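Asker: sequence? don't have it. structure:
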């Protein structure tokens, strides 16, 4: 017998190795021929084994007490959801049917650990559903019935945006399997949104009518949203007739306090709620109230009604070609809302053909009853600036005509930018009939107390458009610049803490001569001109008012109003916190005046209703001196009322040069 070749020996000769391989292959073929019957028998045995295994499994499932496996089933569901699932009641499974049926009682899903004192996110009294077996085995799930009895659902979102439902992603919309009957009985839902400061409690139910057509399926909710009555109803065609390859029509109606939403539209793919389009009408008393429903930080407004095409494509919403009214102003445009990120992003463009000035004022809040009672002008209603931290925006707004009885406005343009809690209107451009205002408004709401910065430049503003008369008593071009900084969540609070500077300049113009004489209390000249109905003008050489602003108070640094006959100077302060004014203005004649009262004019009282008086103390002193001189020598009584007119012209060139330098510095700083 030949000795086998050791394949590990590298010194084996090549021919001997070849012969060994051939002998091994020949032996393997002879063995395979002798054992052919054995392989067939082995295959048959394996087949019988698996057949017996499946038969045993089927018998085991048929006679299985499913309550004994509630624990493993719940643990499997817990792994799939990432939250603890428990089945406290009976678990009944009927698998041996073309439509297997599964029902369970006492199904609960636990809240995450950070939710304190509220252990359950879901508590279902009884859950039943059926599915079609053959489509399921082929990878297509169809649910002939889903019935949920006495569900209690809790949705919580904390101040950081974290929710107890983060284990289910719904940003792109629910993508559900086809459901042919969906029944919800005695459902309760509670939503606590600490980010939006929203609280909702309500009941939800659904049912199907026997009739055919729209309304055969209804899903309804009724409750309260932040204390206001809330109701919502979805109506659609019968679910059993739904063709998943065709669009599915629906009608939706919602009421929350004074806000209503009505939509008639189509779901592109039935049971895939991430894509739909609907003709939608939003109506209510204040646009800002939509925040609770949409999460959008919209401005204060008058009653509104807007209609347009609302579409959803995953995380992108579009409100296309909408139109409507807000107060007495029209509104048109298209808006896009992207919700893929933590903060939604609003983009688009809005325009108005006519904007009522009163509606524009509502953007900054209406006056409260307390403010009205005290005659205040600045609104003190909180503007909910904390909402600015919850969304971003880039929106253009254009107005063709701003309608106002008091102010001769023409058009308005601004770009609204909101990024990470910083709100900016830039540019903020307003055109008067003759003149323009350009500015920037910035509100930083990232801190506990919002900070506001505003810069404004008025240029080429003709004064005669603000005063009545033919000819107008005042003519000229006004230039102004202000740069202010303040803190607070309403207009009054920001004004009360304002600091900065403000400058007003009139390089030249005309002023009615009678009024110029009155500023110096030149009684004889002024009364003579007024009685003669003299409307002649004198030259306004220049006018300048420069204020420093600190703690909400405007303090005069320089106040000059120079005409040919009189140079007027003033001093005092305007308190925005208390909304009071206390200015002292005195005219100094440049030529001889007889009958002049040497007492300054006082402008005092509230900003809402200021009054003009003569400083009585100075007038009494002048009158007393005249009385004393009259006792000694009666003709001398006129002397205290004679002014030699020694006032000089103001250095308008120097004043205007300094104001231009100051304006240029403020412009660079802004």
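Answerer: Alright, I've got the coordinates. Because the structure is a prediction, the values reported are computed rather than measured.
Asker: quick one: low-confidence ranges for the stretch 1-150 of the chain?
Answerer: Scanning the stretch 1-150 of the chain for pLDDT under 70 picks out the ranges 1-46, 49, 53-54, 56-63.
Asker: so where do the helices sit in it?
Answerer: 14-34, 36-63, 70-81, 133-137 (DSSP state H, counting those that start in this stretch).
Asker: What is the last one packed up against?
Answerer: Spelled out, it's helix 133-137. For helix 133-137, not one helix or strand is in contact under the criterion 3 or more Cβ pairs under 8 Å, 6 or more residues apart in numbering; DSSP states H and E. From N, CA and C alone the C-beta is placed, and that goes for glycine too.
Asker: Can you check the pLDDT for residue 351?
Answerer: Per-residue pLDDT puts residue 351 at 97.
Asker: how deep is it tucked in, by neighbour count?
Answerer: 15 (other Cβ atoms under 10 Å).
Asker: Next one: it from residue 426, what distance?
Answerer: 18 Å (Cβ to Cβ, to the nearest Å).
Asker: before we move on, what about residue 381?
Answerer: 24 Å.
Asker: do residue 267 as well
Answerer: For residue 267, the distance to residue 426 - Cβ to Cβ - is 40 Å.
Asker: quick one: which of those two has more around it?
Answerer: Higher neighbour count among residue 267 and residue 426: residue 267, with 21 against 15, using other Cβ under 10 Å.
Asker: need the contact list for that one.
Answerer: 247, 248, 250, 273, 275, 276 (Cβ atoms under 8 Å, 6 or more residues apart in numbering).
Asker: again, but for residue 231
Answerer: Residue 231 touches 220, 221, 222, 223, 254, 255, counting by Cβ under 8 Å, 6+ apart.
Asker: can you rerun that using 6 Å?
Answerer: 222, 255 (Cβ atoms under 6 Å, 6 or more residues apart in numbering).
Asker: And for residue 591, the neighbour number?
Answerer: So residue 591, with other Cβ under 10 Å, has 13 neighbours.
Asker: Confirm that it lies within a strand, as I assumed.
Answerer: No - applying DSSP: H, G, I helix; E, B strand; the rest coil, one finds residue 591 to be coil, outside a strand.
Asker: and residue 290, which of the three is it?
Answerer: helix.
Asker: Can you give me the neighbour number for it?
Answerer: When neighbours are counted by other Cβ under 10 Å, residue 290 comes out with 20.
Asker: residues in contact with it?
Answerer: residue 298.
Asker: hmm, 7 Å instead?
Answerer: Contact analysis of residue 290 by Cβ atoms under 7 Å, 6 or more residues apart in numbering lists 259, 282, 296, 298.
Asker: Can you tell me how far the second one is from residue 333?
Answerer: Pointing back at residue 282 there. Counting by Cβ to Cβ - residue 282 and residue 333 are separated by 13 Å.
Asker: more neighbours, these two?
Answerer: residue 282 (23 against 20).
Asker: Ramachandran coordinates for the more buried one?
Answerer: Note on residue 282: its backbone torsions stand at phi -110, psi 130 [degrees, to the nearest 10].
Asker: pretty sure it is touching residue 261, no?
Answerer: Yes - contact criterion Cβ atoms under 7 Å: residue 282 and residue 261 qualify, at 5.7 Å.
Asker: Where does the prediction get shaky in the stretch 351-500 of the chain?
Answerer: 362, 364-376.
Asker: which residue ranges form the helices in it?
Answerer: With DSSP H, counting those that start in this stretch as the criterion, the stretch 351-500 of the chain has helices spanning 357-361, 369-373, 491-496.
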